[in-house]
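1. build me a model:
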Amino acid sequence: MASSVLDVSSENDVSSENRVDAPSARPARPTIGFVSLGCPKNLVDSEVMMGLLDRAGGELTARAEDAEILVVNTCSFIDSAKQESVNTILEMVRHKVANGGKARRLIVAGCLVERYRDEIRKNIPEVDAVVGTGELEAILEAAGLSAPVEPAPANSPFNILVGRVASSVHQHSHPTEAGAQLEAEAAKPSRAEGDLRERQGRFSREHWDGATAALPVYLYSDETPRILTTPRSSAYIKIAEGCDHPCSFCIIPQLRGKFRSRRLESIVAEAERLVAQGVREITLIGQDTTCYGEDLGLKDGLSTLLESLAVLPGLKWLRFLYAYPNKVTTRLLETMARHENIAKYLDVPLQHASPSVLKRMKRGGTPEVFLRLIEKARAIVPGIVLRTSFIVGFPGETDEDFRQLCDFVSAAKIDWLGVFSYSDEEGAAAFEIDSELKVPKRTIAARRRKLMKLQQKISAKAKAAWVGREVDVLVEGESDETELLWQGRTALQAPEIDGKVLINDFGPHETLVPGTFYRAEITESHDYDVVARIIE
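-> Numbering: from 1, shown residues only. Sure, this is the predicted structure:
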């Protein structure tokens, strides 16, 4: 993603019923290119900013060399993400300063801005403006745009989600601002955990050099314009923002603010609009989706939301990312089991399995507790696929701690597993841990390799059990590896993070259509991917 702006394939063209013909004479629209780095939550922020810019008169382009305004939406979760963000900014700088380059304005947005706002301005003077995670609407001023003009022309290559005009509040405001205000007002009730963590200083920015003192409070709504950059059949919906948990390795609460939920009605309205425009797979995202609605007084809010969405006609797959271990309730699992279109897929980042490491991470839990959760999920939701992630090399992690983690992985037999090397992040509580407890990088790398090798064997055995199954596959297009194969996903594989279904036989079809569901039979397996032939 670092080398090119957000691209959208032709299958994302706005359908005729959603197009609004532009007037024959209108002012020239400044061309704007976007690079979005990091997680799907960041991608949704980019899509919202793109929607705001489009409605204010910008013309989006997928070619950096054609852009007059370039926007880089950054990530700063770990060191490698920060470095990628800086490298991408510098790459976009070249488009601005190169001879004959069209770019005249460079904007940096996102998490890196929240953490290093002043340093970016000081060290990269070619950056003209910065926009934090809670300032998405400030993208208009940063780009030199203000009032909305007219929708994009009919031949726009982007899928435009046009929000309805707010009628009951803030009549004097732009509809986008009114929608965001509705969400902010709805989110005013807070979670007891968040209030406690705030009193304990969890969200403090006292020692941060650049970010504004105020925590982000922004939430987009169904009234906010948004442009999809995912394939037309799939879309993300951010259902909440921020995080209240005390995890000592993480600075997301300082970057994103306190946990706050969108109104259920707003999420359902956005989902209805997505489905009406051809989306068949919706992935709900948030830093912790299992806390959804607690700040709004809802009990088991995620279950309630899933039940409201699962009944939407035309929605084939529905999933959510990410779940907190002690928030996975019996009702949530029963809701997953009851609805055919809710993916039997549970992503629960456990982070470790050693009680002593989990305690220092301020996560809690034990291998026994986690194994009981996994057993319960598999009992209530037959065929459920589990995904988790672990951090190796956390300060103080001993050989015995790592052995406990390996033993847990062997016992749990997780379907999809990611392993992260611990990254020392200034501002996180773990950063202050005695340096004598820090694990050498070489040891961290060795432990990561060992754990991934262990998981490779588990995954290979699990994928072998898929052979002979008939499954629905969402075809995505030609394989990333070779033109001789096509690729797709089952409901048990989340976009971009899990293994793929490689298709070597189109069956009764002369060709396949990306974004379409087909019935397939799994014919062979590899460590993480499977091979299939289309049968109908």
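2. ranges for the strands of the stretch 151-300 of the chain?
-> In chain order, the stretch 151-300 of the chain shows strands spanning 159-161, 226-228, 234-238, 240-241, 260-261, 281-285, with DSSP state E, counting those that start in this stretch as the criterion.
3. nearest approach to residue 304 belongs to which of the ones you listed?
-> strand 260-261 (11.3 Å; C-beta to C-beta). Bear in mind the C-beta positions are built from the backbone N, C-alpha and C, glycine included.
4. what lies in contact with that closest one?
-> By C-beta atoms under 8 Å, 6 or more residues apart in numbering, the residues outside strand 260-261 that reach it are 186-187, 190, 217, 219, 239-242, 291-296, 298, 301.
5. on that earlier part again, now mean pLDDT, distance to residue 360 and mean neighbour count too, for the strands of the stretch 151-300 of the chain, in a markdown table please.
-> Output for those, formatted as a markdown table (pLDDT from 0 to 100; distance: least, C-beta to C-beta, whole Å; neighbours: other C-beta atoms under 10 Å):
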| stretch | mean pLDDT | distance to residue 360 | mean neighbour count |
| --- | --- | --- | --- |
| strand 159-161 | 38 | 43 | 23 |
| strand 226-228 | 95 | 40 | 27 |
| strand 234-238 | 98 | 30 | 24 |
| strand 240-241 | 96 | 27 | 27 |
| strand 260-261 | 96 | 28 | 28 |
| strand 281-285 | 98 | 28 | 22 |
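6. for those, which one sits closest to residue 202?
-> strand 260-261 (14.7 Å).
7. any idea how far the closest one is from the middle of the chain?
-> 16 Å (C-alpha atoms, centre = their mean, to the nearest Å).
8. each with direction, which strands does that strand pair with?
-> strand 240-241 (antiparallel) (DSSP bridges).
9. my guess is residue 75 contacts residue 38. True?
-> Yes. With contact defined as C-beta atoms under 8 Å, residue 75 and residue 38 form a contacting pair (2.8 Å).
10. need the residues touching each of these two.
-> 81, 110, 111.
11. filter those down to just the ones in strands.
-> Secondary structure from DSSP state E places residue 110 of the shared contacts of residue 75 and residue 38 in strands.
12. among the shared contacts of residue 75 and residue 38, pick out the one closest to residue 206, please.
-> residue 111 (18.7 Å).
13. neighbours of residue 214, how many?
-> 11 (other C-beta atoms under 10 Å).
14. from residue 353, how far off is it?
-> 38 Å (C-beta to C-beta, to the nearest Å).
15. what is the least confident helix or strand in this structure?
-> None of the helices or strands of the chain scores lower by mean pLDDT, DSSP states H and E than strand 159-161, at a mean of 38.
16. I'd like to know which of the contacts of strand 260-261 are buried.
-> 186-187, 190, 217, 219, 239-242, 291-296, 301 (16 or more other C-beta atoms under 10 Å).
17. now the helices for the stretch 201-350 of the chain?
-> Taking DSSP state H, counting those that start in this stretch as the criterion, the stretch 201-350 of the chain carries its helices at 252-256, 264-276, 301-310, 330-338.
18. most tightly packed of these?
-> Neighbour counts (mean count of other C-beta atoms under 10 Å) averaged over each of these peak at helix 252-256, with a mean of 24.
19. what segments of this structure are helices?
-> Along the chain, the stretches classed as helices by DSSP state H are 40-55, 79-97, 111-123, 139-142, 175-186, 192-199, 252-256, 264-276, 301-310, 330-338, 355-360, 367-380, 399-412, 441-464.
20. so what does the third one touch, helix or strand wise?
-> Meaning helix 111-123. For helix 111-123, the packing partners by 3 or more C-beta pairs under 8 Å, 6 or more residues apart in numbering; DSSP states H and E come out as strand 69-74, helix 79-97, strand 129-131, helix 252-256.
21. buried stuff in stretch 510-522?
-> 512, 514, 515, 517, 518, 520, 521, 522.
22. correct me, but the fifth one touches residue 471?
-> Translated: residue 518. No. When contacts are counted by C-beta under 8 Å, residue 518 is not listed as touching residue 471 (9.6 Å).
23. between the helices of the stretch 201-350 of the chain, which one is closest to residue 487.
-> helix 264-276 (23.2 Å).
24. got the angle for that closest one vs helix 301-310?
-> Put simply, helix 264-276 runs at 30 degrees to helix 301-310, going by axes from the mean of the first three to the mean of the last three C-alpha atoms, to 10 degrees.
25. who are the packing partners of helix 264-276?
-> Counting by 3+ C-beta pairs under 8 Å, 6+ apart, helix 264-276 packs on strand 159-161, helix 175-186, strand 234-238, strand 281-285, helix 301-310.
26. just give the nearest non-adjacent residue to residue 47, would you?
-> Excluding its sequence neighbours, the residue lying closest to residue 47 (C-beta to C-beta, 6 or more residues apart in numbering) is residue 226, at 4.9 Å.
27. re earlier: mind putting the shared contacts of residue 75 and residue 38 in a markdown table, distance to residue 505 and neighbour count included?
-> Converted to a markdown table, these look like this (distance: C-beta to C-beta, whole Å; neighbours: other C-beta atoms under 10 Å):
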| residue | distance to residue 505 | neighbour count |
| --- | --- | --- |
| 81 | 39 | 19 |
| 110 | 42 | 27 |
| 111 | 43 | 29 |
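28. in CSV: the shared contacts of residue 75 and residue 38, plus pLDDT.
-> Supplementary listing: those in CSV, determined by pLDDT from 0 to 100:
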residue, pLDDT
81, 86
110, 93
111, 91
